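let me see the structure of the following:
(one chain, ligands or ions: 1)
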Amino acid sequence: MNIKNAKQRQLEEYRVNNLGKPLTTNQSLKVSGDEQSLKAGVRGPTLLEDFHLREKITHFDHERIPERVVHARGYAAHGEFVLHKCMKEFTTAKFLQGVGNTTPLFTRFSNVVGSKGSLDTARDVRGFAVKFYTEEGNYDLVGNNMPVFFIQDAVKFPDLIHAAKPEPQNEIPQAATAHDTFWDFVANNQESAHMIMWLMSDRAIPVNLRKMEGFGVHTFRLVNAEGKAHFVKFHWKPKLGMHSLVWDEAQIIGGKDPDFQRRDLWDTINAGSYPEYDLGVQLIREEDEFMFDFDILDATKLWPEEIVPVQLIGTMTLNRNVDNVFAETEQVAFHPGNVVPGIDFTNDPLLQGRLFSYLDTQLLRLGGPNFAEIPINRPVCPFHNNQRDGFSRQRIDVGQVSYHKNSLADNTPSPTPVEKGGYGHYQEKVDGHVIRANSPTFEDHFSQARLFWNSMAPYEKQHIIDAFSFEVGKVKSQSVRQQVVDMFCNVDSGLSAAIATAVGVKRPECTPTDMTASSPALSMKNTVFVPATLKVAILIGEGFDSTVIGSAARSLRNAGVTIDIVSGTLGTVKGTGGKTAIANQTFLTTSPVLYDSILVGGGSSSNPAEFDSNMQNYIEQPWKHFKPIAFTKNGSRYIPKTSVHEGPGIIVEKNEADFNQAYITALAKQRFWERNIF
Ligand code: HDE
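Numbering: from 1, shown residues only. A predicted model of the protein is given here:
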């Protein structure tokens, strides 16, 4: 079977194109009128016998399914995974063997807390769920964009989510953790400390879904043909590096374009700039399980990359948008329990609870046990078993035998022995008392929170303080604010003192954890910086610097940058030397926060006061958000009218060639944190 295109072929079979077709009922009866219901006289009562009206309205009434209880807001794309390093030494999983082996996949990114219709740019964890359609069945890597989690045991998950979601008495706030119940949960469940450091960091406001890392979070096992296992953690590393928004910008975008991140994914895939992420693994030998100063089964701990290096083994490319968001993105059913031979679980108590939860939730969301038959969930290899019937059964199972063991069907479908490819569970020895308790090795909640803090660049530390000040500052209960400040003193006294000042509570006295190590891999300052796929707004008015803008636009496009031409009105704008450009956005239809940078090409309009005011607004915001701004000679006349002063990331044209080069270099850097915006 050609796995590479199998999924696409399978989905093709279900695609329906209504274009040019007659309108029919679901029974295929041609409909003669669709604008009036059947009535007794034009002003008379509607008749119950109008089966078309009843069918149409009934279907409409049932169009919605329950949104996901968490990760409701999501967006997805199809793609493929190509293996670069054969992993046969570690696993029997076929899709991880044979360099060049290609596996189709479907990836859904999500926000955790907000409802399905909430905004993209909320401060939140992002889900990063990948369904690999392998030749041995579906393998789901259902991860997040942060490598650790809030809690250690699944039994606390409903409490965590109840505390994080809008408060029950008034359903406020939407898609935000800046409220009392969330922080009350944090302060009273101190294993959350490490994850909270991530949540308050820039990782929680990724600039888009293409520039964030992904993590399997839990420790899994890879098992080879000899039955030997390695503990494994999975990583996704974006080829374009990790980059984030600034909080003020994230909040403005939430209003200007709540679909900012899904639009970005949709547009870049349609433009052929396919997002790519390398898959990495960290491996620990079974015999080394207890070599570390953290418990490798504790999901609030990461394995520092400097201690356990990440080996890159393949690349995921997202290369096709969905045809229909409901059919694919909404109906896709991920489950960490969907594994293939050679990939197994560990006793991480968080993972164990997840193995129950996902199947359970699909039964409700997708209306019964037959959701594996929905096209997006179907494996590319056929499945056979004696499961029968249930709501919306699609298969027509032929024959009289639906049980095992049997003689009438020659005892088929029959199990496959492990050595011939049947799934064999890792034979871990289990021996213990029945007990409801945590392992004492799960008790250290602050060392890695401090490791994260130690690893941050000064500007990243400041962003964490600002985020705490915002979030905890929104908490009305002074007691909760004090408890949070007291808790984070265990991480760093400077951090907690800064939060205490910002939120008006006492500075705590405590002895923070003595962790002195740092992990450079945790800082986003050490990521990849390239200009490709950045988005620039070129601002022009009548009389703009046409030659310089023409040359800059070519240079930007060559660097893979996307351009919008923004002016007072849509359409043709005349520049110097009689040359023209077409504005595809106006100051009104778009917003400076939707771009990575702006290029000010100068010019004006018949209403110079209004034009100047728009230009000033478009320049002030990227200035405040530390973005590069470029000015042509004519454009630079706006500098004195704004807060901008020349310095880092401010490029002013002196000569054309240098200007283009300097601008591309500044764009790649993306933010100029050293800029003094005040
Ligand atoms: Fe989930 N999680 N989760 N989760 N999770 C769901 O499944 C759950 C956890 C993650 O795009 C639900 O189909 C429990 C960790 C992602 O469709 C539900 C616990 C990680 C997605 C569920 C966790 C995740 C979900 C809701 C604690 C990172 C979205 C709807 C034991 C490794 C998948 C659904 C998609 C979705 C339960 C913790 C990632 C209710 C009980 C840790 C990416 O089953």
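
who touches the helix or strand hosting residue 609?
Taking DSSP states H and E as the definition, residue 609 sits inside helix 608-624. Helix 608-624 is contacted by residues 248-249, 252, 537, 539, 541, 566, 568, 587, 591-593, 595, 597-598, 600, 604-605, 628-629, 638, 641-644, 675, 677 when judged by CB atoms under 8 Å, 6 or more residues apart in numbering. (Glycine included, C-beta is placed from N, CA and C.)

next step: these restricted to helices.
Among the contacts of helix 608-624, DSSP state H puts 248, 249, 252 in helices.

so residue 95 sits against residue 342, correct?
No. Assessed by CB atoms under 8 Å, residue 95 is found out of contact with residue 342, at 9.4 Å.

just the CA atoms of the helix holding residue 609, as PDB, please.
As requested, C-alpha coordinates have been extracted for helix 608-624 and formatted as PDB (Å, rounded to 0.1, in the frame of the first residue of the first chain):
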ATOM      1  CA  PRO A 608      -3.300  65.200   5.200                       C
ATOM      2  CA  ALA A 609      -4.400  65.600   8.800                       C
ATOM      3  CA  GLU A 610      -6.400  62.400   8.700                       C
ATOM      4  CA  PHE A 611      -3.600  60.600   6.800                       C
ATOM      5  CA  ASP A 612      -1.000  61.700   9.200                       C
ATOM      6  CA  SER A 613      -3.000  60.600  12.200                       C
ATOM      7  CA  ASN A 614      -3.400  57.100  10.600                       C
ATOM      8  CA  MET A 615       0.300  56.900   9.800                       C
ATOM      9  CA  GLN A 616       1.200  57.900  13.400                       C
ATOM     10  CA  ASN A 617      -1.100  55.200  14.800                       C
ATOM     11  CA  TYR A 618       0.500  52.600  12.400                       C
ATOM     12  CA  ILE A 619       4.000  53.600  13.500                       C
ATOM     13  CA  GLU A 620       3.400  53.900  17.300                       C
ATOM     14  CA  GLN A 621       2.100  50.400  17.800                       C
ATOM     15  CA  PRO A 622       5.000  48.400  16.300                       C
ATOM     16  CA  TRP A 623       7.400  50.800  18.100                       C
ATOM     17  CA  LYS A 624       5.800  49.900  21.400                       C
END
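
please identify the buried residues of that helix?
Applying a neighbour-count criterion of 16 or more other CB atoms under 10 Å, one finds 611, 612, 614, 615, 618, 619, 620, 621, 622, 623, 624 buried in helix 608-624.

any chance of the residues you listed in a markdown table, with distance to the ligand and pLDDT too?
Formatted as a markdown table, the buried residues of helix 608-624 follow (distance: CB to the nearest ligand atom, whole Å; pLDDT from 0 to 100):
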| residue | distance to the ligand | pLDDT |
| --- | --- | --- |
| 611 | 45 | 97 |
| 612 | 46 | 96 |
| 614 | 40 | 97 |
| 615 | 42 | 97 |
| 618 | 36 | 98 |
| 619 | 39 | 98 |
| 620 | 37 | 98 |
| 621 | 32 | 98 |
| 622 | 32 | 98 |
| 623 | 36 | 98 |
| 624 | 33 | 97 |
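
return the closest of those residues with respect to residue 463.
For the buried residues of helix 608-624, the residue nearest residue 463 by CB to CB is residue 624; the value is 14.3 Å.

which SS state does the residue in the chain positioned nearest to the ligand fall under?
Among the residues of the chain, residue 127 lies closest to the ligand, at 2.8 Å counting by CB to the nearest ligand atom. Following DSSP: H, G, I helix; E, B strand; the rest coil, we place residue 127 in the strand state.

that one: what's it in contact with?
For residue 127, the contact set (CB under 8 Å, 6+ apart) comprises 71, 74, 108, 109, 110, 111, 112, 142, 143, 144, 145.

next one: the strand or helix carrying residue 668 to chain centre, how far?
When elements are defined using DSSP H and E, residue 668 is found to belong to helix 656-669. Relative to the chain's own centre, helix 656-669 is displaced by 30 Å; criterion: CA atoms, centre = their mean, to the nearest Å.

all numbers from here: first residue = 7
Yep, numbering from 7; the last one is helix 662-675 now.

what about residue 166, distance to residue 290?
Applying CB to CB, to the nearest Å, one obtains 27 Å for the distance of residue 166 from residue 290.

residues of this structure that sit close to the ligand?
Those residues of the chain that sit near the ligand, judged by CB under 6 Å from any ligand atom, are 74-77, 80, 114, 116, 133, 135, 148-150, 155, 160, 163, 223, 305, 338, 340, 356, 359-360, 363-364, 367.

which among these end up buried?
74, 76-77, 80, 114, 116, 133, 135, 148-150, 155, 160, 163, 223, 305, 338, 340, 356, 360, 363-364, 367.

quick one: the strands in the stretch 207-356 of the chain?
When assigned using DSSP state E, counting those that start in this stretch, the strands of the stretch 207-356 of the chain occupy the ranges 220-221, 226-229, 235-244, 282-291, 317-327, 349-350.

now swap in the stretch 357-506 of the chain and tell me
Listed in chain order, the strands of the stretch 357-506 of the chain (DSSP E, counting those that start in this stretch) amount to none at all.

narrow the contacts of helix 614-630 to those that are buried.
Neighbour counting by 16+ other CB under 10 Å classes 255, 258, 543, 545, 547, 572, 574, 593, 597-599, 601, 603-604, 606, 610-611, 634-635, 644, 648, 650, 681 among the contacts of helix 614-630 as buried.

out of those residues, list just those in strands.
543, 545, 572, 603, 604, 606, 635 (DSSP state E).

next, the contact list for the fourth one, please.
By that I understand residue 603. Under the criterion of CB under 8 Å, 6+ apart, the contact list for residue 603 reads 540, 542, 543, 628, 633, 634, 635, 636, 672, 673.

quick one: the helix or strand bottoming out on mean pLDDT in the chain to chain centroid distance?
Across the helices and strands of the chain, the lowest-confidence element by mean pLDDT, DSSP states H and E is helix 9-18, at a mean of 90. Averaging C-alpha positions (CA atoms, centre = their mean) puts helix 9-18 25 Å from its chain's average.
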